[in-house]
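A.B. asks: got a predicted model here, sequence first, then my questions.
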Amino acid sequence: MFNKNFIVICISSTIAAFPPMAVVLLGGIITSQIMMKDSLATVPMTLMIIGIAISAPIASRFMSIWGRQKGFLFSSLLSCLALIICSIAIYLENFFIFALGNFLIGSSQAFIHQYRFAASESVKKEFIPRSISIILLLGIVSALLSSNFAEYFKDFFPSYLFLGSYIFLSFTAIIPFFVLLFYEETKTSNNQSKFEIETIFKLLKNIKIIQSIVSAGLGYFTMAIIMTATPLHMHLVNKFTLFETSIVIQLHVIGMFLPSLFSGDLIKRFGNTNIIYAGVVILFLSILTNTFFDFYYSYMLGLILLGIGWNFLFVSGSSLLVVSYEEKDKFTAQGLNDFIVFSTQGIGSLSAGFLLYFSNWTVINLLCVPLLIIVLVVSLFASRHN
């Protein structure tokens, strides 16, 4: 399993995932400093997610023509450029340039999200779930390293807070370019399939592909809307300190990625559909905890369960997708999947603040219940059809 290509992918994907961590940690703070408006704090992350969703089909098409290696090399250069643009924006205190940089970070991440598919192509079929799990597990390493780098270099230029962080991350963004020079294009990775309506309709007639997209997409929506609303509700409504709130979010992130140690093996043993069922049950438990309890440790438990449930749905959905399409349609299928999945993430993140303002925390959680029922119904139908 641990062949040269897979090792190259693991190293490159870990470093390539630094920029979005910086957006999540620093984007809102920098925007508030530049614009003096806390209401715009979520704009950088929103623009990054929009960049991912819009660029997902483009990334798949690019790689179908020029191959995985050239696509990942391009993403490394684009990520470096985006971080340099953000650095210039911080220096000039220009919000619009900063917004452009964050959108381009998202565009580069659309290519980087293809690492999980490249990992699945570099191993034997029976190791596909584990390979995807390992790529997600490395997200913890990315989060820890990038947050510490950002903190260490934030005062490197005393007059410009976080300028040093972004300049340093722009140097790290180019590292995968050199690592990827050791990547060997596989025979099946260069397939010039067209992203055509006919192909999309054909893919959407495949109930397994529908199941994979619905599971990952609605799982992502549920995770994004509750996760985004949590710090707002805890800090602004329930008056928990920023430190207490950050601990809950950090444990949530661990809950998202740590199960990757075993979720791949669980899928191999019990099958994708059964792990999807388990993920839905765990998300229901998270919603119940968030709805019926209102103290600090209930938020902690609810968000940990939210992360675990998301992991089960995303990993099983991704691994199910990989084994459900024909080889000639893989780039179209992957682009379509990522466009839908990350669009739902964007909708979830965008709607969280709006819904929390016009309704409440309980409504946000209960809104996810019918979506999870849809996942169950589609999975049951797919199982019977199969």
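C.D. replies: Sure, I can see it.
A.B. asks: what is the burial count for residue 155?
C.D. replies: By other CB atoms under 10 Å, 14 other residues sit near residue 155. For the C-beta atoms, the positions are set from N, CA and C on the backbone; glycine is no exception.
A.B. asks: cool, and residue 321?
C.D. replies: Applying other CB under 10 Å, we find 29 residues neighbouring residue 321.
A.B. asks: just the one 10 residues further on next, same as before
C.D. replies: Per other CB under 10 Å, the neighbour tally for residue 331 reads 29.
A.B. asks: and it, how close does it get to residue 67?
C.D. replies: From residue 331 across to residue 67, the span is 11 Å (CB to CB, to the nearest Å).
A.B. asks: try residue 135
C.D. replies: 19 Å.
A.B. asks: who's more crowded, these two?
C.D. replies: Using other CB under 10 Å as the criterion, residue 135 and residue 67 rank with residue 135 on top: 26 against 18.
A.B. asks: may I ask which helix or strand encompasses the more buried one?
C.D. replies: helix 128-153 (DSSP states H and E).
A.B. asks: next, the angle helix 128-153 makes with the helix or strand encompassing residue 252.
C.D. replies: Residue 252 is located in helix 242-257, with elements delineated by DSSP H and E. Computed by axes from the mean of the first three to the mean of the last three CA atoms, to 10 degrees, the angle separating helix 242-257 from helix 128-153 equals 150 degrees.
A.B. asks: so what touches helix 242-257?
C.D. replies: With contacts defined as CB atoms under 8 Å, 6 or more residues apart in numbering, helix 242-257 is touched by 136-137, 139-140, 143, 223, 227, 230-231, 234-235, 296, 299-300, 303-308, 310-311.
A.B. asks: show me what counts as buried in it.
C.D. replies: Residues 245, 247-249, 251-257 are the ones in helix 242-257 that count as buried (16 or more other CB atoms under 10 Å).
A.B. asks: JSON lines please, covering those and showing pLDDT and distance to residue 173.
C.D. replies: As requested, the buried residues of helix 242-257 are arranged in JSON lines below (pLDDT from 0 to 100; distance: CB to CB, whole Å):
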{"residue": "245", "pLDDT": "83", "distance to residue 173": "29"}
{"residue": "247", "pLDDT": "85", "distance to residue 173": "29"}
{"residue": "248", "pLDDT": "88", "distance to residue 173": "29"}
{"residue": "249", "pLDDT": "83", "distance to residue 173": "24"}
{"residue": "251", "pLDDT": "89", "distance to residue 173": "28"}
{"residue": "252", "pLDDT": "90", "distance to residue 173": "26"}
{"residue": "253", "pLDDT": "85", "distance to residue 173": "21"}
{"residue": "254", "pLDDT": "89", "distance to residue 173": "25"}
{"residue": "255", "pLDDT": "92", "distance to residue 173": "27"}
{"residue": "256", "pLDDT": "91", "distance to residue 173": "23"}
{"residue": "257", "pLDDT": "87", "distance to residue 173": "21"}
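A.B. asks: now the residues you listed as a markdown table including distance to residue 125?
C.D. replies: Output for the buried residues of helix 242-257, formatted as a markdown table (distance: CB to CB, whole Å):
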| residue | distance to residue 125 |
| --- | --- |
| 245 | 43 |
| 247 | 40 |
| 248 | 38 |
| 249 | 36 |
| 251 | 34 |
| 252 | 32 |
| 253 | 30 |
| 254 | 30 |
| 255 | 29 |
| 256 | 26 |
| 257 | 24 |
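A.B. asks: for those residues, which one is nearest residue 214?
C.D. replies: Of all these, residue 214 sits closest to residue 256, with 19.5 Å by CB to CB.
A.B. asks: may I have the helix or strand bottoming out on mean pLDDT in the chain exported as PDB, CA atoms only?
C.D. replies: Sorting the helices and strands of the chain by mean pLDDT, DSSP states H and E puts helix 28-35 at the bottom, at a mean of 78. Only the C-alpha atoms of helix 28-35 are listed here, as PDB (Å, rounded to 0.1, in the frame of the first residue of the first chain):
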ATOM      1  CA  GLY A  28     -11.900  36.700  10.300                       C
ATOM      2  CA  ILE A  29      -9.500  38.500  12.600                       C
ATOM      3  CA  ILE A  30      -7.700  40.100   9.600                       C
ATOM      4  CA  THR A  31     -10.900  41.200   8.000                       C
ATOM      5  CA  SER A  32     -12.100  42.800  11.300                       C
ATOM      6  CA  GLN A  33      -8.800  44.600  11.600                       C
ATOM      7  CA  ILE A  34      -8.900  46.000   8.000                       C
ATOM      8  CA  MET A  35     -12.700  46.800   7.800                       C
END
